[in-house]
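> Need coordinates for the following:
(one chain, ligands or ions: 2)
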Amino acid sequence: MPDPNGFLRYDRRLPARRPVPVRIMDWREVYPPAGEELIREQATRCMDCGIPFCHDGCPLGNRIPDWNDLVRTGNWDAAVESLHATNNFPEFTGRLCPAPCEAACVLGLGGQQPVTIKQVEVEIADAAVARGGLRPRPVPPPTGRSVAVVGSGPAGLAAAQQLARAGHAVTVYERDDALGGLLRYGIPDFKLEKRHIDRRLAQLAAEGVRFRAGVNVGVDVTAEQLRAEHDAVLLACGALAGRDAPETPGRALRGVHQAMEHLVAANRVVAAAGEGRPALAVLPDGTPIDAAGRHVVIIGGGDTAADCLGVAHRQGAAGVHQLDLYPQPPRGRDEARDPWPTWPWILREYPAHEEGGERVFAVAVQEFVDDGTGAVRAVRVAEVTVEKRNGRRIVTPLPGTERELPADLVLLAIGFDGTEEQPLLGQLGVVRNARGAVDARPDWRTGVDGVFVAGDMHRGASLIVWAIAEGRAAAAAIHAYLGGTGSLPAPVDPAAQPLAAR
Ligand SMILES: Cc1cc2nc3c(=O)[nH]c(=O)nc-3n(C[C@H](O)[C@H](O)[C@H](O)COP(=O)(O)OP(=O)(O)OC[C@H]3O[C@@H](n4cnc5c(N)ncnc54)[C@H](O)[C@@H]3O)c2cc1C
Ligand code: SF4
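Ligands and ions are numbered 1, 2, ... in the order given. Next comes the predicted model:
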């Protein structure tokens, strides 16, 4: 029986982050492991409210009150089991999820701070490792059916694990030299150390999943070959078409880059160092891209921008400005605009923000300024108002507010325009919709028989928790398509959306 008064006895507390001066000297995770006492105390704040809206906030339908109570009572093995019943990779979501479940926690209804659900989740995930709970599951007899998964991000890997555990022969194809999708070279180590991915990959491999890294499907292997070898294909290629600003004067100057160019180069250096290989942060053509000693301007306000900020400080930037088009959000939920339990528009402060840099709100770039040699020396910004008219965003500069910010490295972190146009799509006859995504029918099939889609490729740039949920659901659909016995869990359907006020 959960403690109904736990939240009255204990305030919400998170473990202390590693001190800023220490952590910006390395690439290790910002959070050290929390003590068991703290986590059990915080799990006690969950009152098992009866109608747990956190379930609806979490796309995976994680059984949060169940595992909170198991942690409260120190029943870690059962907590590990309960968590893995709905989530293939809680060590990823526990570290990286923005936790829409916490925004939907019933404690928030009474003005209390929500349970630290995400922190409890990561501690259970780490307990699984410590207790040998990531041992491969026994493999069932082979069904004789085979599935190709294209893309090794969380959507592809979740689907692969579900399908392998149902007895299908699964091969994951990945064009990068290493597996993990955006978790590998997109998200920096200070948010997710790569040993967590490697450990899961070992589990999947032991459960029978085959991996083929360094294979660009559509180029190195044709869609025709893929279809000849497999009974079904799951496309989980992500939404990696970076949005650009081609109309902004000066975009072609040296030193103006897509954020992902910077992140991938930096993360590859960290990966090489882990293997004892010295490396420089360079673009694929060998051009250096490093924030050391530079004035950096990051354009954008989301996860990608915050990751660039953390990387810039670790590389030794001289100074960083992070620009946001929108005004500074309030610190607390505006109930009229975003009533509980929806995801509120509030100021999001990532650990990277306490490491330095200046955030500038309600500004838009007017020009990237040339230093006279074809390289950027400044960004000219103006204060702006932003309004929506007939579904369109209207940005209006305020006269007399223009100013220059010093910049010799500019990073565009302004979002993604869906999945990339690539030979594979044409070979399969799969088309992108107006958002650049690939539509799925209610059974996760694209318009092409035997070809399914999941994750960011279907949803547009989103979150890891949605990618895992879609991967699991698409696996269930593929299992049914292949005539598999019984059914697999399907936490979402292709039309599922985050909680919203109607
Ligand atoms: C910088 C950054 C930081 C982020 N931080 C967070 C965060 O903190 N929390 C969070 O929840 N979400 C975060 N996200 C979003 C999250 O990473 C994505 O939503 C998630 O990774 C999507 O998973 P996916 O499996 O659909 O695709 P991806 O992870 O994008 O993986 C797709 C894979 O498909 C491969 N591929 C594509 N085409 C082919 C082909 N033809 N052949 C073979 N392989 C192919 C790609 O190389 C890629 O590895 C972040 C995103 C970015 C860019
Ligand atoms: S996956 Fe995200 S939304 Fe679901 S319980 Fe974990 S932190 Fe909450």
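> Which positions in the helix ranked longest in the chain come out as buried?
Looking across the chain with DSSP state H, the single longest helix is helix 464-481. Using 16 or more other Cβ atoms under 10 Å as the burial criterion, the residues of helix 464-481 that qualify are 464-479, 481. Heads up, the C-betas are built off the backbone N, CA and C, glycines and all.
> so which of these also contact ligand 2?
Restricting the buried residues of helix 464-481 to those within reach of ligand 2 (Cβ under 6 Å from any ligand atom) leaves residue 465.
> So which bits of the stretch 101-250 of the chain are right by ligand 2?
Counting by Cβ under 6 Å from any ligand atom, the residues of the stretch 101-250 of the chain close to ligand 2 are 101, 117, 118, 121.
> Going through those, which ones are buried?
Neighbour counting with 16+ other Cβ under 10 Å marks 101, 117, 118, 121 as buried within those.
> what helices or strands is the strand or helix carrying the third one leaning on?
Using DSSP states H and E, residue 118 sits in helix 117-130. For helix 117-130, the elements it packs on are helix 36-44, helix 64-72, helix 76-84, helix 90-96, helix 100-103, judged by 3 or more Cβ pairs under 8 Å, 6 or more residues apart in numbering; DSSP states H and E.
> quick one: it near ligand 1?
No. Figure legend: helix 117-130 not in contact with ligand 1 (Cβ under 6 Å from any ligand atom); closest approach 10.6 Å.
> Which helix or strand lies directly C-terminal to that helix?
Counting by DSSP H and E, what follows helix 117-130 is strand 146-150.
> for the protein, longest strand please?
Assignment by DSSP state E gives strand 376-389 as the longest strand of the chain.
> List the contacts of stretch 210-217.
148, 150, 152, 169-179, 201, 204-205, 220-221, 223, 226, 424 (Cβ atoms under 8 Å, 6 or more residues apart in numbering).
> how far out from the middle of the chain is that stretch?
21 Å (Cα atoms, centre = their mean, to the nearest Å).
> Over to stretch 170-178?
Put simply, stretch 170-178 sits 19 Å off its chain's centre (Cα atoms, centre = their mean).
> swap in stretch 311-330?
The answer for stretch 311-330 is 19 Å, by Cα atoms, centre = their mean.
> Quick check: end-to-end length of that stretch?
End-to-end distance for stretch 311-330: 27 Å, by Cα to Cα, to the nearest Å.
> for residue 411, helix, strand, or coil?
strand (DSSP: H, G, I helix; E, B strand; the rest coil).
> OK, contacts around it?
With Cβ under 8 Å, 6+ apart, residue 411 has these contacts: 257, 258, 259, 262, 296, 297, 298, 299, 305, 308.
> can you do 7 Å?
Neighbouring residues of residue 411 by Cβ atoms under 7 Å, 6 or more residues apart in numbering: 257, 259, 262, 296, 298, 299, 308.
> The closest residue to residue 310 other than its chain neighbours: neighbour count?
The spatially closest residue to residue 310, leaving aside those adjacent along the chain, is residue 352, at 3.7 Å (Cβ to Cβ, 6 or more residues apart in numbering). Residue 352 has 26 neighbouring residues, counting by other Cβ atoms under 10 Å.
> From ligand 1, how far out is residue 352?
Using Cβ to the nearest ligand atom, to the nearest Å, we find residue 352 at a distance of 11 Å from ligand 1.
> Residue 246 too?
Counting by Cβ to the nearest ligand atom, the gap from residue 246 to ligand 1 is 20 Å.
> does that residue sit in a helix, a strand or a coil?
Following three-state DSSP, the label given to residue 246 is coil.
> Tell me, how many residues neighbour it?
Neighbourhood size, residue 246 [other Cβ under 10 Å]: 6.
> For it, report the pLDDT, please.
Residue 246 is assigned a pLDDT of 96 by the prediction.
> What does the nearest residue to residue 227 once chain neighbours are set aside show for phi and psi?
Distances taken as Cβ to Cβ, 6+ apart put residue 233 closest to residue 227, at 6.5 Å, once the chain neighbours are dropped. The phi/psi pair for residue 233 (degrees, to the nearest 10) reads phi -130, psi 130.
> isn't residue 233 right next to residue 225, touching?
No. The pair residue 233 and residue 225 does not pass the contact test of Cβ atoms under 7 Å, sitting 11.2 Å apart.
> So for these two, which sits in the more crowded spot?
residue 233 (25 against 13).
> pLDDT at that one, what is it?
pLDDT recorded at residue 233 is 98.
> and stretch 232-240, how far out from the chain's middle?
Mean-position distance between stretch 232-240 and its chain equals 15 Å (Cα atoms, centre = their mean).
> Can you confirm whether that stretch lies near ligand 1?
Yes. Residues of stretch 232-240 contacting ligand 1 under Cβ under 6 Å from any ligand atom: 236, 237, 238, 240.
> and the residues you listed, which are buried?
Buried by 16+ other Cβ under 10 Å: 236, 237, 238, 240, out of the residues of stretch 232-240 next to ligand 1.
> how much space between the nearest residue to the third one once chain neighbours are set aside and ligand 1?
Think residue 238. Sequence neighbours aside, residue 456 is the residue nearest to residue 238 in space, at 4.6 Å (criterion: Cβ to Cβ, 6+ apart). Between residue 456 and ligand 1 the distance, using Cβ to the nearest ligand atom, works out to 4 Å.
> tell me the contacts of residue 456?
Neighbours of residue 456 in contact, by Cβ under 7 Å, 6+ apart: 238, 239, 462, 467.
> could you pull out the helices for the stretch 201-350 of the chain?
223-229, 259-274, 303-315 (DSSP state H, counting those that start in this stretch).
> What lies in contact with the second one?
Applying Cβ under 7 Å, 6+ apart, the set of residues contacting helix 259-274 from outside is 27, 185-186, 188-189, 194, 242, 279-283, 289, 300, 304-305, 307-308, 311, 315, 411-413.
> which other helices and strands contact the following helix or strand past the longest strand of the chain?
Counting by DSSP H and E, the next helix or strand C-terminal to strand 376-389 is strand 392-397. Applying 3 or more Cβ pairs under 7 Å, 6 or more residues apart in numbering; DSSP states H and E, one finds that strand 392-397 contacts strand 376-389.
> before we move on, the earlier item: what pLDDT does the model give the residue nearest to residue 310?
97.
> Is it correct that it falls within a helix?
Yes. Under three-state DSSP, residue 352 falls within a helix.
> Reformat the contacts of residue 456 as CSV; add pLDDT.
As requested, the contacts of residue 456 are arranged in CSV below (pLDDT from 0 to 100):
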residue, pLDDT
238, 98
239, 98
462, 98
467, 98
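> hang on, the earlier thing: tell me the contacts of the residue nearest to residue 227?
The contact partners of residue 233, by Cβ under 7 Å, 6+ apart, come to 148, 150, 226, 227, 450, 451, 452.
> could you check the distance from the residue in the stretch 401-502 of the chain positioned nearest to ligand 1 over to residue 177?
When distances are taken as Cβ to the nearest ligand atom, the stretch 401-502 of the chain reaches nearest to ligand 1 at residue 455, 2.4 Å away. Going from residue 455 to residue 177 by Cβ to Cβ, to the nearest Å gives 21 Å.
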